[in-house]
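Undergrad: One predicted model, sequence on top.
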Amino acid sequence: MRRKRMIIKGQTSYYHVMSRTVNGEALFGDWEREVLRKMIWQVADFSGIRVVTYAVMKNHFHVLVEVPAEVSISDEELVRRYRRLYPQPTPWNPMPAEVLEGHLRENTSEGRDLRKSLLRRMGDVSWMMKTLKQRFAMWFNRSRDRFGHLWAERFKSVLVEGDRWALRTVAAYIDLNAVRAGLVEDPKDYRFCGYAEALGGSRMARVGLSVVDKDLAVYRQTLYGAGAGEKDEKKSISREEAVRVLEEEKGKLPLSVVLRCRVRYFTDGMVLGSAAFVEEHVQTESSGGKRPKRAHAMSGADWGGLAVGTGLRKGLFR
């Protein structure tokens, strides 16, 4: 059964959201990944949602987003966002931004309805992901003379505590996707992730990662392990070796090494943060006499006290 996304009212909240292609097919080359990268920024800007970091892969993508508390939006800003999403009229959205601007300025009946409709779409992760995936799927199918479903599922999401350590750990896991897939040895060399885009000079990407650390050099220590030697910093191990150390030997691995494994905490953990934060939010899922849910401490590495909202009975690794 699909879990409902937890929504925090009245305060800034963070979500790790992700989606995969049908059957996990590797459909995205450089061109497709570049288009999807640009669409992520475009749709997030319209929605008033900040992209902290992201990774676009050959068959899936991840985004860590900051959803602001409810704020008032001026008509001028609403038109700017509308123009960002719809720079030109389309068959499914034929109204030019200038027409919208006129309706809002004159406060016509249609303008009031449009204002209300657009405001409902602001600061909503579900709407952002739906729009992003639909727009990309339409572009992809047209460019390939293809039809049918592109995405395997609606999307997955994990609520993340707005604590720098929790956010930094999730961001590092996302930025290390290409390293984990064996495409590059250093995420700075993978152009379709937030870390590489920030190092490349993108203001938006730098502003996003400033949420986890003002200094990218300090953030890099999370990616590679503070104080580690160059040779050890970039060490990756196989899933089989990680399972042997953690499950058979009941040991621990360095955080920088575990982050290079496909860890289910980040995709299936439901809520991720301090034990107190997780306990508070998993209680909203308990009802109807079910056993109260509780926080589960993350194991296998020194996670700095992080916990998740599910025990992951099927194992830590995917």
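TA: Sure, I can see it.

Undergrad: Tell me where the stretch 101-250 of the chain has helices.
TA: Listed from the start of the chain, the stretch 101-250 of the chain has helices (DSSP state H, counting those that start in this stretch) covering 109-120, 125-144, 164-175, 177-180, 194-199, 203-209, 216-224, 230-233, 239-243.

Undergrad: Comparing the ones you listed by mean pLDDT, which bottoms out?
TA: Note on the helices of the stretch 101-250 of the chain: helix 230-233 shows the lowest mean pLDDT, a mean of 44.

Undergrad: For residue 39, which of the helices of the stretch 101-250 of the chain is the nearest?
TA: Closest to residue 39 of the helices of the stretch 101-250 of the chain, according to CB to CB: helix 125-144, at 5.5 Å. Placement of C-beta: from N, CA and C, glycine included.

Undergrad: Off-centre distance for the closest one?
TA: 16 Å (CA atoms, centre = their mean, to the nearest Å).

Undergrad: What of stretch 97-111?
TA: 34 Å.

Undergrad: still on that earlier bit, the helices of the stretch 101-250 of the chain: which one's closest to residue 82?
TA: Closest to residue 82 of those, according to CB to CB: helix 109-120, at 6.7 Å.

Undergrad: What residues of that closest one count as buried?
TA: Neighbour counts over helix 109-120 (16 or more other CB atoms under 10 Å) mark 111, 114-115, 118 as buried.

Undergrad: cool, stretch 176-192 as well?
TA: By 16+ other CB under 10 Å, the buried positions in stretch 176-192 come out as 176-180, 184, 186-188, 190, 192.

Undergrad: pull the CA atoms of that stretch into CSV?
TA: Provided in CSV are the C-alpha atoms of stretch 176-192 (Å, rounded to 0.1, in the frame of the first residue of the first chain):
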residue,chain,number,x,y,z
LEU,A,176,27.2,10.3,-4.8
ASN,A,177,24.8,8.5,-7.1
ALA,A,178,27.1,8.6,-10.1
VAL,A,179,30.0,7.4,-8.0
ARG,A,180,27.8,4.6,-6.7
ALA,A,181,26.9,3.7,-10.3
GLY,A,182,30.6,3.6,-11.3
LEU,A,183,30.1,6.4,-13.8
VAL,A,184,32.7,8.7,-12.2
GLU,A,185,35.1,8.6,-9.3
ASP,A,186,34.3,12.1,-8.1
PRO,A,187,30.9,13.7,-8.1
LYS,A,188,32.4,17.0,-9.3
ASP,A,189,32.9,15.2,-12.7
TYR,A,190,29.2,14.3,-13.0
ARG,A,191,27.4,17.2,-14.6
PHE,A,192,23.9,16.1,-13.7
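
Undergrad: who touches it?
TA: 33-34, 37, 55-58, 62, 175, 193, 195-197, 199-200, 223, 234, 236, 259-262 (CB atoms under 8 Å, 6 or more residues apart in numbering).

Undergrad: Write the ChimeraX selection for whichever of those are buried.
TA: The ChimeraX selection below is limited to those of those classed as buried (16+ other CB under 10 Å):
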select :33,37,55,56,57,58,62,175,193,195,196,197,199,223,234,236,259,260,261
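
Undergrad: Residue 200 and residue 177, how far apart?
TA: The gap separating residue 200 from residue 177 is 17 Å, by CB to CB, to the nearest Å.

Undergrad: wait, I meant residue 83
TA: 32 Å.
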